[in-house]
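Engineer: okay, sequence plus prediction incoming.
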Amino acid sequence: MLLDIIDQYRSGGDLTFLIVQTLFALLIILFSLSVHETAHGFVASRLGDPTAKNLGRLTLNPIRHINPIGFLCMLIAGFGWANPVPINTRYFKNPRRGMAISAAAGPISNLCLAMLSVIAIRIIFFFWTSANLVLELLFIFFSMSATMNISLAVFNLLPVPPLDGSRLFYVFLPPRIYFGVMKYERIISIVIMLLLVTGVLSPLISTVTNAILNGMLFLVGL
């Protein structure tokens, strides 16, 4: 994200416009990551696990959720992560299913935010009659929100720890294999970060993100 903005500046982009984009990106990241983690905790709580609630993680306050490295990755590359909400599967009646549902809640919340952003874009176009600075700024904000939230959802659904996709795999893998992989969570996290910084993951995530975004735009008639 930030790299794209810098490239625009080097290509002669308007500095004021790029500053606005950066501020919008910061707001979207803080809100989207907070919604993502709160969704995990809320669903886990509804399924019987009070851990997130007891730790004060059922809040949209970004201070309770933001991971500095994940935040920077989100700002620079367009996809990242927050501090994971702790989930104790022993509280679930069906631990495997409870873990999967709780894990899916985060990406689903971001897809819902993206869809709401696309609907907002459709409403903006309905009122768009001539050059209007307010509508232009709203269009930029919700366009960025749609793209960034979809990217966040797609990235977190990758089936590698510590991302949500690895928790979803918990349903399908034998516990012995699953926990064998999770032993290397920290190493895998470092590898994922390197892949983010070097841009290796960007083509895959961008392709899937664009496909989902185009589908949403089609649904609202854009």
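Structural biologist: Cool, the structure landed.
Engineer: with adjacent residues omitted, what lies nearest to the residue positioned nearest the centre of the chain?
Structural biologist: With distances taken as Cα atoms, centre = their mean, the chain has residue 152 as the residue nearest its mean C-alpha position (2.6 Å). Nearest residue to residue 152, sequence neighbours excluded (Cβ to Cβ, 6 or more residues apart in numbering): residue 110, at 4.8 Å. No exception for glycine: its C-beta is placed from N, CA and C like everyone else's.
Engineer: now do the contacts for the one you found.
Structural biologist: Going by Cβ atoms under 8 Å, 6 or more residues apart in numbering, residue 110 touches 32, 35, 36, 149, 150, 152, 153, 156.
Engineer: can you tell me the element it falls in?
Structural biologist: Residue 110 is part of helix 95-127 when elements are defined by DSSP states H and E.
Engineer: ditto for residue 42
Structural biologist: Element membership for residue 42, per DSSP H and E: helix 15-46.
Engineer: after that helix, which helix or strand is next?
Structural biologist: With DSSP H and E, the next secondary element past helix 15-46 is helix 51-54.
Engineer: related to what we said a few turns ago, tell me the average confidence for the helix or strand harbouring the residue nearest to the centre of the chain?
Structural biologist: Assigned by DSSP H and E, residue 152 belongs to helix 133-156. Helix 133-156 carries an average pLDDT of 93.
Engineer: circling back to that earlier point, thinking the residue nearest to the centre of the chain is in contact with residue 73, fair?
Structural biologist: No - applying Cβ atoms under 8 Å, one finds residue 152 not in contact with residue 73, separated by 10.6 Å.
Engineer: from residue 30, how far out is the closest residue to residue 125 other than its chain neighbours?
Structural biologist: Once flanking residues are discounted, residue 125 sits nearest to residue 222: 7.1 Å by Cβ to Cβ, 6+ apart. For residue 222, the distance to residue 30 equals 27 Å [Cβ to Cβ, to the nearest Å].
Engineer: the more surrounded of these two?
Structural biologist: residue 30 (19 against 11; other Cβ atoms under 10 Å).
Engineer: who's in contact with the more buried one?
Structural biologist: Residue 30 touches 62, 66, counting by Cβ under 8 Å, 6+ apart.
Engineer: that's all I had, so thanks and see you.
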